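Student: Could you look at this predicted model? Sequence included:
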Protein chains: 6
Amino acid sequence: MAHMAQQEGEDVARRAFKLKAFVEHLQDCVSSLERCSKPVIAAVRGGCVGAGVDLICACDIRLYTHDAWFTVKRLTWGLRPTWGRFNDCHVYARWVRELAYTARRFDAREAYERGLVSAIEPTAEAMRDGALKLASVIASKSPVAVCGTKAALNYSRDHSVEDGLVMQRIWNMAALQSEDVGIAAAAAAHMGGRGKTQPTAFSKL
Amino acid sequence: MAHMAQQEGEDVARRAFKLKAFVEHLQDCVSSLERCSKPVIAAVRGGCVGAGVDLICACDIRLYTHDAWFTVKRLTWGLRPTWGRFNDCHVYARWVRELAYTARRFDAREAYERGLVSAIEPTAEAMRDGALKLASVIASKSPVAVCGTKAALNYSRDHSVEDGLVMQRIWNMAALQSEDVGIAAAAAAHMGGRGKTQPTAFSKL
Amino acid sequence: MAHMAQQEGEDVARRAFKLKAFVEHLQDCVSSLERCSKPVIAAVRGGCVGAGVDLICACDIRLYTHDAWFTVKRLTWGLRPTWGRFNDCHVYARWVRELAYTARRFDAREAYERGLVSAIEPTAEAMRDGALKLASVIASKSPVAVCGTKAALNYSRDHSVEDGLVMQRIWNMAALQSEDVGIAAAAAAHMGGRGKTQPTAFSKL
Amino acid sequence: MAHMAQQEGEDVARRAFKLKAFVEHLQDCVSSLERCSKPVIAAVRGGCVGAGVDLICACDIRLYTHDAWFTVKRLTWGLRPTWGRFNDCHVYARWVRELAYTARRFDAREAYERGLVSAIEPTAEAMRDGALKLASVIASKSPVAVCGTKAALNYSRDHSVEDGLVMQRIWNMAALQSEDVGIAAAAAAHMGGRGKTQPTAFSKL
Amino acid sequence: MAHMAQQEGEDVARRAFKLKAFVEHLQDCVSSLERCSKPVIAAVRGGCVGAGVDLICACDIRLYTHDAWFTVKRLTWGLRPTWGRFNDCHVYARWVRELAYTARRFDAREAYERGLVSAIEPTAEAMRDGALKLASVIASKSPVAVCGTKAALNYSRDHSVEDGLVMQRIWNMAALQSEDVGIAAAAAAHMGGRGKTQPTAFSKL
Amino acid sequence: MAHMAQQEGEDVARRAFKLKAFVEHLQDCVSSLERCSKPVIAAVRGGCVGAGVDLICACDIRLYTHDAWFTVKRLTWGLRPTWGRFNDCHVYARWVRELAYTARRFDAREAYERGLVSAIEPTAEAMRDGALKLASVIASKSPVAVCGTKAALNYSRDHSVEDGLVMQRIWNMAALQSEDVGIAAAAAAHMGGRGKTQPTAFSKL
């Protein structure tokens, strides 16, 4: 990319259009994780640098090993195509600013405290097991509900509460007619409402 | 509701309109807490499940007993009419995602760390006392100021900072002409600015 | 201001226009810190009250001494022109509500836990040193990158993720053509990617 | 209302809250026409003044007699609670400004040219017939389609094109499963696609 | 400006920041007409080219002589800092596109048909008289109402209808307490509601 | 599509997801015309029905033969995936409502009066010539300026004026550095500012 920007003799504006297309392509790669209709789990071990941070920010759930570390290095290069998502992902807007301006490293502990991680595991194996277990819990739920939930969370992030409520009303016009509602209700009744649900057989979506 | 959705032989779209009206009614019940011009305090003891979580998310301040627990169970059923507000309420967007996809339980401690609670009290009595004390502190303030603050916080949640500033300018066109401004200033002067204000007599709103 | 509002005999609406202009002026003072194209660091020692809280909320990074304390006192007066920014700054929307309605004091520790501070230092000297060190780290980076990052973070706070990505694409049409990109890339290559970058000589912006 | 505003001795801010509630009530009356799930047709004969203009602006279709006239008189009183909708309704934003600042009369012809009217009829009888005919054409269509269209048009007025497309996708998840789709397709096939559709029997919504 | 962009040897990004500041300054000049709290009337005679079109688009009301002509010439230069406002001003979004891409001339007649003008006058004198008469009609109204109306129209242009209604409620908290409401009501009553109001003496704002 | 919706025995929600994907695909086809970085000209002869209306609404400029006619027929089927764009395209929001609810035909004359067309030509040949001439005028302009203008108009349609101005500032950081600015300025100077510009040789984009 550096060489794309440095090409001699070309008109600044024409180079600008190429760079715009290039950044759009990069952003699109990252966004594809978010557009995926099913939840995506990131498991991070060791260093996670630059584009790596962008990628995990587009995931739904993040697990780290205790020795994972991160840095938003590309600032040093004068490039930052995806602050929008990084900013959203880290709830501490002001923490993000410090990282963004200094490009300093932060570790798994700090990432956890600032809400960027769901769980920290002692080893890579434990993390992989944790990620798979999480995935199988999610897979046991109604896919209509899980995909609907991801769609709703993506939507409400960028809309007002009122808009989010409207979207939920419209979404549920079809979703509440799913056979999954009855299956889940029956399973819940069978479990006596004790907060634990046995795997129920929902059809694939 | 389940039976409403499962009614045989009816046109899918006509059933959809009924479900939409039903969800809108549910949402409206929850939103009424938010529309209430005065702050609403929730005090939670024991389990808080499904619609219960929706209700406390529409309150302004939340107190829990140390043994309170929560679960967003309705995901299992394929129903989630109010993610919009739940998402807003929990600042940890990514924490919300994990809860939303897995529907696992979380306790008062986790809720506190993730910002969903103002205080955790050891017993139900302590919590009730805490809630009442909080209410009486709020009641001692200017009602013009308190209701204006709730209106501003509700508004700024769904608008840009610039829009929030504009709204504050317009709101204060009338609010700053209140007799309460003079009463509060006099009381503050009398207290020597020591950060403690004695109850001052504001008229009811 | 109190006397401006209390002037006898004047038409309520005409007084309202004056108050609106007055509040706009106040807001504009505070917002100037945010409009500043370079990051602004706040260092707080001792009490930070009312307008002081507004000011630090418009800064990019905040450092406190361990004995700093805060209160949003003006609520008691029925005045709150800048909730919009205060709300944005504290990620715990619900924590803000409690403070807003009760106007109680909170200390540096609570501010840190709720994300309102980057670091707490034991003494005023340590804090000043910390602030200066932070400033010199930022100053060693490409000014094109730092100012672009502040512009992007300000923008993405008030826009959807999609809008933030679009803005980043357009911004980078010129920014990626900067000589700083090559300088930073060369420096990074020289450091062997070990996560530490030596000061590189970027021209002033 | 005038007397509500002029009440002596009451605090300005407390009177302000009452006025706000009063205006909200007025706005809600007007908005109820827009919230009505079915299209609303306004038929105007003679003068249409102040609140009357507000009412017709919340309708879907407007018919006038050739001698109808209008004026946004309330400007003269210093009151204008519903510019938002009036502005939307008249596409000529700049025409609206002239009317708003001068409060001059305009007639049916000018209203037609500026897009505020669907048709001008020579007599009150012709207008009533036209309105009823229009209503019966609409009533012959699929109520699922008609109500869905009104919902979509209301929504897209206040949202970006992209948001409007998203809403249409979600809405059609249920609506396209309606039996009305098949009924309408069959009727269209039967008519040979000649652009005229015979009344088809859709069930009530 | 051309020379500012063509300066040799300077870093592209540093030149970009200067150009951004320059365009912001230009936009700010034009926007000052819109920020002016009172309505602004433009009277156009002869050619109105490039920046001239920007200026009149920021005015509230526009009068032309019959021989006025316009062209958005700067497209040819590759510069267009204020499409946002031009687009808003011309209600025919698609007409704007044709003009924008071809930069062709259009005359007063076409401008009138497309809603860019309030009135066309035969001579420069008639236009000046028309503008002054319009100004004096506006000046005879309550300044509280006129300035409030401009504020509302500017606001509702960029907000949803719902947001516009909220803003009107808040604005009227103070505005409806104006003495002008009573003065205007009395004048209206005196005129027997015949749609004509005699000049009433409102105080200056 | 009808058969997709009518498939027996499948779960309503699962069918809903398929329909959503199908509608998204349709919308994406239409939107591709809008996403095209260069202006798109539509030339319509004879009937333009349903999806045809959607397609021309996504074009930048529209030419019709005098005998062209239109109908938004799909309402009759209960399907309308792209109201968002149709609504934007016709500036007469209220005219759109009448067409949407009644699905009546309208001709080229009505389309012209309501702003849906740039020019009406007597014959198909004249229309083709007109379209080609328009295209060659556009092609003679700076491609940097033309594509930038389309990007700006698309953007400002869905954003506030303030957001549009910000985007223009950022866009011009690179665009104003184009060699095209100098070329166009030189050509304009050479023409003596007489409003006519000879073809200048801009490089391809």
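Tutor: Done, it's in. Treat the numbers as computed from the prediction; the structure is a model and nothing was measured.

Student: Centroid-nearest residue for chain A?
Tutor: residue A:59 (2.2 Å; CA atoms, centre = their mean).

Student: Got the phi and psi for the residue lying closest to that one once chain neighbours are set aside?
Tutor: Distance criterion CB to CB, 6 or more residues apart in numbering or on different chains; nearest residue to residue A:59, sequence neighbours excluded, is residue A:42 at 4.0 Å. Any C-beta I mention is one placed from the backbone N, CA and C, and that applies to glycine too. The phi/psi pair for residue A:42 (degrees, to the nearest 10) reads phi -100, psi 140.

Student: how far away is residue A:42 from residue C:168?
Tutor: 22 Å (CB to CB, to the nearest Å).

Student: quick one, which of these two is more surrounded?
Tutor: Between residue A:42 and residue C:168, counted using other CB atoms under 10 Å in any protein chain shown, the more crowded position is residue C:168 (28 against 20).

Student: can you tell me the helix or strand for that one?
Tutor: helix C:161-175 (DSSP states H and E).

Student: Just the buried positions in the helix ranked longest in chain A, please.
Tutor: Of all the elements of type helix in chain A, the one with the most residues (DSSP state H) is helix A:12-35. For helix A:12-35, burial by neighbour count (16 or more other CB atoms under 10 Å in any protein chain shown) applies to A:12-20, A:22-24, A:26-27, A:30-31, A:33-34.

Student: Nearest spatial neighbour of the residue of chain A found nearest chain E, chain-adjacent residues omitted?
Tutor: In chain A, the residue that lies nearest chain E is residue A:12 (5.8 Å; CB to the nearest CB). Closest residue in space to residue A:12, ignoring its immediate chain neighbours: residue F:177 at 4.0 Å, by CB to CB, 6+ apart.

Student: next one: residue A:99
Tutor: The nearest residue in space to residue A:99 (CB to CB, 6+ apart) is residue A:72, at 5.5 Å.

Student: Hmm, that neighbour is touching residue A:105, no?
Tutor: No - applying CB atoms under 8 Å, one finds residue A:72 not in contact with residue A:105, separated by 9.4 Å.

Student: More neighbours: those two, which one.
Tutor: More neighbours surround residue A:72 than the other of residue A:72 and residue A:105, with 25 against 16 (other CB under 10 Å).

Student: Against residue A:50, how distant is that one?
Tutor: 7 Å.

Student: so where do the helices sit in chain A?
Tutor: A:2-6, A:12-35, A:51-57, A:83-89, A:93-102, A:108-113, A:124-139, A:143-157, A:161-175, A:179-190.

Student: Now do the buried residues in the last one.
Tutor: Taking 16+ other CB under 10 Å as the neighbour-count basis, helix A:179-190 is seen to contain the buried residues A:179, A:180, A:181, A:183, A:184, A:185, A:187, A:188.

Student: For that helix, which helices and strands make contact with it?
Tutor: helix A:143-157, helix B:2-6, helix F:12-35 (3 or more CB pairs under 8 Å, 6 or more residues apart in numbering or on different chains; DSSP states H and E).

Student: can we see that at 7 Å?
Tutor: Helices and strands touching helix A:179-190, by 3 or more CB pairs under 7 Å, 6 or more residues apart in numbering or on different chains; DSSP states H and E, are helix B:2-6.

Student: pLDDT of the helix it packs on, averaged?
Tutor: The average pLDDT for helix B:2-6 rounds to 50.

Student: burial of the closest residue to residue A:134 other than its chain neighbours, as a residue count?
Tutor: Excluding the flanking residues, the one nearest residue A:134 by CB to CB, 6+ apart is residue A:41, at 6.0 Å. Other residues near residue A:41 come to 18 when the count uses other CB under 10 Å.

Student: got a list of what residue A:41 touches?
Tutor: A:59, A:60, A:61, A:63, A:131, A:134, A:135 (CB atoms under 7 Å, 6 or more residues apart in numbering or on different chains).

Student: Could I get these in JSON lines, plus columns for distance to residue B:121?
Tutor: Output for the contacts of residue A:41, formatted as JSON lines (distance: CB to CB, whole Å):
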{"residue": "A:59", "distance to residue B:121": "36"}
{"residue": "A:60", "distance to residue B:121": "34"}
{"residue": "A:61", "distance to residue B:121": "31"}
{"residue": "A:63", "distance to residue B:121": "33"}
{"residue": "A:131", "distance to residue B:121": "36"}
{"residue": "A:134", "distance to residue B:121": "32"}
{"residue": "A:135", "distance to residue B:121": "37"}
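
Student: Out of those, who's the most crowded?
Tutor: Busiest of these [other CB under 10 Å] is residue A:63, holding 25 neighbours.

Student: check contacts around it.
Tutor: Residue A:63 is in contact with A:41, A:43, A:117, A:118, A:119, A:121, A:127, A:130, A:131, counting by CB under 7 Å, 6+ apart.

Student: Per-residue confidence at residue A:173, what does it come out as?
Tutor: At residue A:173, pLDDT is 92.

Student: tell me the domain ranges of chain A?
Tutor: According to automatic domain parsing, chain A comprises the domains A:11-137, A:141-190.

Student: got the buried residues for stretch A:144-162?
Tutor: Result for stretch A:144-162 [16+ other CB under 10 Å]: buried residues A:144-161.

Student: Stretch A:97-106 now?
Tutor: A:97, A:98, A:99, A:100, A:101, A:102, A:103, A:105, A:106.

Student: Farthest-apart pair in those, please.
Tutor: A:97 and A:105 (16.2 Å; CB to CB).

Student: The residue lying closest to residue A:160 once chain neighbours are set aside and residue B:148, how far apart?
Tutor: Counting by CB to CB, 6+ apart, the nearest residue to residue A:160 once its immediate chain neighbours are dropped is residue B:158, at 3.7 Å. Going from residue B:158 to residue B:148 by CB to CB gives 17 Å.

Student: Could you do residue A:56 as well?
Tutor: In terms of CB to CB, residue A:56 sits 41 Å off from residue B:148.
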